[in-house]
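> Turn this into a structure:
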Amino acid sequence: MTNPKTPSPADSPPIWAPGTTGSETPNTARVRDYWLGGSHNSAPDRRLAEQFTLCAPQLPYLVRTHRNFLRRVVTRLVRDGVRQFVDLGSGMPTVGNVHEVARRSAPECRVVYTDIDPVVVAESRELLAGDDLTAYLHADIRRPEQILDSPDLLGLLDLNEPVALLAIDVLHHVPDSAEPARLLTTCAEGLGPACRLALSHTGCDELLIDALRLYSDIYSKPLPEFAFRSSAEVRDLLAGFEVTEPGLVPIPLWLPDDETEPDQNPEHFSGCAALARRR
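Reported below is the predicted structural model:
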């Protein structure tokens with residue numbers, strides 16, 4: 001389900017547009033870092049974050065809920081013997097991202113991060129400098145070959161060993177026209193027969209959609225089209241996979257632990273998550 005975007009003035013560049021540089025230009029990846037309690041953000045990023053939360057106060061909680069799922073599922077995968085990860089649309093590799101979580105239990109874990117924004121990639125590579133067990137690819141997840149054919153990925157990972165493909169809080173950026181089910185299947189097939197898929201997806205929340213429209217109306221800044229999907233639509237994306245326990249469930253209900261952020265009505269959370277295997 002693709003939601004309509006709000007028109008904007010032609011002279012107002014999209015805030016998500018890649019290619020901007022410098023800490024004076026706000027960046028949504030650094031906004032997320034701020035919401036997660038990180039320090040890799042600037043005053044303009046924090047101002048943009050406050051503008052978002054003025055209209056959509058649930059956004060920081062939503063971001064933290066996805067990150068908590070990432071922590072739980074990566075921990076589970078490491079426990080299952082996985083030591084290699086490919087993370088789609090990673091954002092900043094800070095505040096409990098994949099390599100930090102995985103290496104708490106297995107310091108030898110290798111991680112390939114990806115992002116479409118060259119600024120995010122450049123800043124992230126600086127953050128990861130000296131870490132020989134990570135790579136950060138400049139890639140569009142709608143073009144799986146940019147990831148699978150990357151010399152950095154092929155040089156870091158052993159595709160004869162299990163690899164986990166992570167699609168955490170990213171597929172709402174992929175419209176149905178880009179065939180998200182196909183790209184997941186293609187990536188998983190390219191990462192070997194033992195590939196596991198961890199997925200979380202923001203749901204069809206009319207309050208959130210209205211809040212994002214309000215943001216565009218108040219600040220005259222455009223937002224991209226978001227493909228917020230129902231659990232049934234997310235299940236369709238997993239047609240090439242076998243979903244493992246506890247199934248496709250609201251994100252807070254996916255194997256919660258003592259560190260999971262409490263939710264008074266987790267079964268009503270507008271967003272779902274799953275861990276799956278290739279069929």
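> just for this structure, where's the confidence low?
1-23 (pLDDT under 70).
> what about 50?
For the chain, applying pLDDT under 50 flags the ranges 1-20.
> Which residue ranges of it form helices?
Per DSSP state H, the chain carries helices over the ranges 28-35, 43-55, 59-79, 98-105, 118-127, 144-148, 151-156, 180-190, 206-219, 231-237.
> how far does the third one sit from the chain's center?
This means helix 59-79. From the chain centre to the centre of helix 59-79 is a distance of 10 Å (C-alpha atoms, centre = their mean, to the nearest Å).
> residues in contact with that helix?
Residues from elsewhere that reach helix 59-79, judged by C-beta atoms under 8 Å, 6 or more residues apart in numbering: 32, 35-36, 49, 52-53, 85, 95-98, 101-102, 104-106, 109, 164, 166, 168-169, 196, 198, 200, 202, 208, 251-252, 254-257, 259-261, 263, 269, 271, 273, 275. To be clear about C-beta, it is placed using only N, CA and C from the backbone, and glycine gets the same treatment.
> swap the cut-off to 6 Å and go again
Outside helix 59-79, the residues that touch it by C-beta atoms under 6 Å, 6 or more residues apart in numbering are 32, 35-36, 52-53, 96, 98, 101-102, 105-106, 164, 168-169, 198, 200, 251, 254-255, 260-261, 273, 275.
> Return it as PDB; C-alpha atoms alone will do.
Extracted in PDB, the C-alpha atoms of helix 59-79 (Å, rounded to 0.1, in the frame of the first residue of the first chain):
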ATOM      1  CA  LEU A  59       8.300   8.500  15.800                       C
ATOM      2  CA  PRO A  60      11.200   8.100  18.400                       C
ATOM      3  CA  TYR A  61       9.300   5.200  20.000                       C
ATOM      4  CA  LEU A  62       8.800   3.600  16.600                       C
ATOM      5  CA  VAL A  63      12.500   3.900  15.800                       C
ATOM      6  CA  ARG A  64      13.500   2.400  19.200                       C
ATOM      7  CA  THR A  65      11.100  -0.500  18.800                       C
ATOM      8  CA  HIS A  66      12.600  -1.500  15.500                       C
ATOM      9  CA  ARG A  67      16.100  -1.100  17.000                       C
ATOM     10  CA  ASN A  68      15.100  -3.300  19.900                       C
ATOM     11  CA  PHE A  69      13.900  -6.000  17.500                       C
ATOM     12  CA  LEU A  70      17.300  -5.700  15.700                       C
ATOM     13  CA  ARG A  71      19.000  -6.400  19.000                       C
ATOM     14  CA  ARG A  72      16.900  -9.400  19.800                       C
ATOM     15  CA  VAL A  73      17.000 -11.000  16.400                       C
ATOM     16  CA  VAL A  74      20.700 -10.500  15.900                       C
ATOM     17  CA  THR A  75      21.300 -12.000  19.400                       C
ATOM     18  CA  ARG A  76      19.100 -15.000  18.400                       C
ATOM     19  CA  LEU A  77      20.900 -15.500  15.100                       C
ATOM     20  CA  VAL A  78      24.300 -15.500  16.800                       C
ATOM     21  CA  ARG A  79      23.000 -18.000  19.300                       C
END
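> relative orientation of that helix and helix 43-55 in degrees?
110 degrees (axes from the mean of the first three to the mean of the last three C-alpha atoms, to 10 degrees).
> which of the helices of the chain is buried the deepest?
helix 28-35 (a mean of 23; mean count of other C-beta atoms under 10 Å).
> Report all helices and strands that it contacts.
Packed against helix 28-35 by the contact rule (3 or more C-beta pairs under 6 Å, 6 or more residues apart in numbering; DSSP states H and E) you find helix 43-55, helix 59-79.
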